[in-house]
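Q: sequence first, then the predicted structure, then my questions.
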Amino acid sequence: MRAGDRIFQNLTTGSGIFVVALIGLIGIFLVIQAIPALRANKANFLFNHGWSTNDPANMAFGIADLAEVTVATSVVALIIAMPISLGIALFLTQYAPARLARPFAYVVDLLAAVPSIIFGLWGILVFAPAIEPFSHWINETFSWFPLFAPGNVAPNVRGTIFTAGIVLAVMILPIITSLSREVFERTPRPHIEGALALGATRWEVIRTTVLPFGKAGYIGASMLGLGRALGETIALAVILLIPQGRNFDWSLFDGGATFASKIAANYSEFNNPTSAGAYIAAGLVLFVLTFLVNFGARSIIAKKGD
């Protein structure tokens, strides 16, 4: 092996080892910093809904509410973003002419460059007031169904899971669309031409060749979008209202805080190591959850590649 090849091999191997080691060190740091707070905790960390860390000598905190709100907002965003992303990706790869597909794809990708704070301000100041009549209508018409029951921040319907989920869907749209588009574009051309030669319509070509080929990649892209949604911080901290005296009850019109928004909104408590450790413990749970989601997404994409 030539010297240049050996050097390049060592550099690339070292880079891979460095990334893995860095992730491991972050995990170790979170565990070490969280242990004192977990020992001082007077409540069940996994199942308690309260969060009281102001007094380091009498802390009682749990992640139940944080986990539920995080999952709820992310699932709402994913349910909205997945079909829209699929439609955009299929339009750009199968229907749109090249002169339109390329600039349109750039516009969609540009959404990923918009700062989270801009999405948050747009969501609470522009979008939430615009859909408030619709939110009230759903809340009043379908209040018999628990998912649309009056929330813990009623009568306010702006700073809710419903609003936050829609804004979050817009934020993860470019990720899912971009990756799905890349997968659909790699559908073997002979398969498409063969289906057309047999008399298939454009939709039949998509249904019988494009979607089966890109299904795993589309699912993987959606899971990566879910990982992005789970970790969103500033936009949700701006939009979601914090309820007073009521826990999250699985209504789309509930308020609350996610793992990330809770940590961002209470950084002033970080001057005490024990109190800060409570938030680091919550961050550790989010770290593990996001890692598992992204690992699952990568596994799905890798299996498709094989």
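A: Ah, there it is.
Q: burial of G14, as a residue count?
A: By other CB atoms under 10 Å, 11 other residues sit near G14. Placement of C-beta: from N, CA and C, glycine included.
Q: same check, this time on N152
A: 21.
Q: my understanding was that it contacts A257; is that so?
A: No - the criterion here is CB atoms under 8 Å, and N152 misses it with A257 at 11.9 Å.
Q: not counting residues beside it along the chain, what's closest to S52?
A: A60 (5.0 Å; CB to CB, 6 or more residues apart in numbering).
Q: swap in A128?
A: R158 is the one closest to A128 (CB to CB, 6+ apart), at 3.9 Å.
Q: can you give me the helices in the stretch 201-306 of the chain?
A: Here the stretch 201-306 of the chain has its helices, by DSSP state H, counting those that start in this stretch, at 202-205, 211-230, 234-239, 259-265, 273-305.
Q: looking at those helices, which is buried most?
A: Among those, helix 234-239 has the highest mean neighbour count (mean count of other CB atoms under 10 Å), at a mean of 25.
Q: list of residues touching it?
A: When contacts are defined by CB atoms under 8 Å, 6 or more residues apart in numbering, helix 234-239 is touched by residues 73, 116-117, 119-121, 123-124, 128, 159, 163-164, 167-168, 171, 257-258, 260-261, 264-265.
Q: tell me how far stretch 92-108 lies from the chain's centre.
A: 25 Å (CA atoms, centre = their mean, to the nearest Å).
Q: report the central residue of this protein.
A: A229 (1.3 Å; CA atoms, centre = their mean).
Q: can I assume that residue is in contact with L173?
A: No - judged on CB under 8 Å, A229 makes no contact with L173 at a distance of 10.8 Å.
Q: low-confidence stretches in the protein?
A: Applying pLDDT under 70 to the chain picks out residues 1, 301, 303-306.
Q: ok, back up a step: what is the burial count for the residue nearest to S52?
A: 17.
Q: hang on, isn't it packed against A43?
A: Yes - A60 is within contact range of A43, at 3.9 Å (criterion: CB under 8 Å).
Q: shared neighbours of those two, anything?
A: Common neighbours of A60 and A43 (CB under 8 Å, 6+ apart) are G50.
Q: quick check: angle from the top helix by length along the chain to helix 273-305?
A: Secondary structure assigned by DSSP state H gives helix 3-40 as the longest helix of the chain. Angular relation of helix 3-40 and helix 273-305 on a 0 to 180 degree scale: 130 degrees, by axes from the mean of the first three to the mean of the last three CA atoms, to 10 degrees.
Q: what packs against the helix or strand that comes right after helix 3-40?
A: Toward the C-terminus, helix 3-40 is succeeded by strand 51-52 as the next helix or strand (DSSP states H and E). If you count contacts as 3 or more CB pairs under 8 Å, 6 or more residues apart in numbering; DSSP states H and E, strand 51-52 packs onto strand 60-61.
Q: contacts for the strand it packs on, please.
A: 41-43, 45, 48, 50-53, 278.
Q: what of stretch 267-286?
A: By CB under 8 Å, 6+ apart, the list of residues contacting stretch 267-286 reads 27, 30-31, 33-38, 40-41, 45, 51, 53-54, 56, 59, 61, 63, 66-67, 70, 230-231, 259-260, 262-263, 266.
Q: buried subset of those?
A: 30, 33-34, 36-38, 40-41, 45, 51, 53, 56, 59, 61, 63, 66-67, 70, 230-231, 259-260, 262-263, 266 (16 or more other CB atoms under 10 Å).
Q: which one of the contacts of strand 60-61 is nearest to N10?
A: Distance to N10 across those (CB to CB) is lowest for A278, with 42.3 Å.
Q: for the residue lying closest to G256 once chain neighbours are set aside, pull up the helix or strand it's in.
A: For G256, ignoring the flanking residues on the chain, the nearest one in space by CB to CB, 6+ apart is V69 at 3.8 Å. Using DSSP H and E, V69 sits within helix 64-90.
Q: now the element after that helix, going C-ward?
A: Sequence-wise, the next helix or strand downstream of helix 64-90 (DSSP H and E) is helix 98-110.
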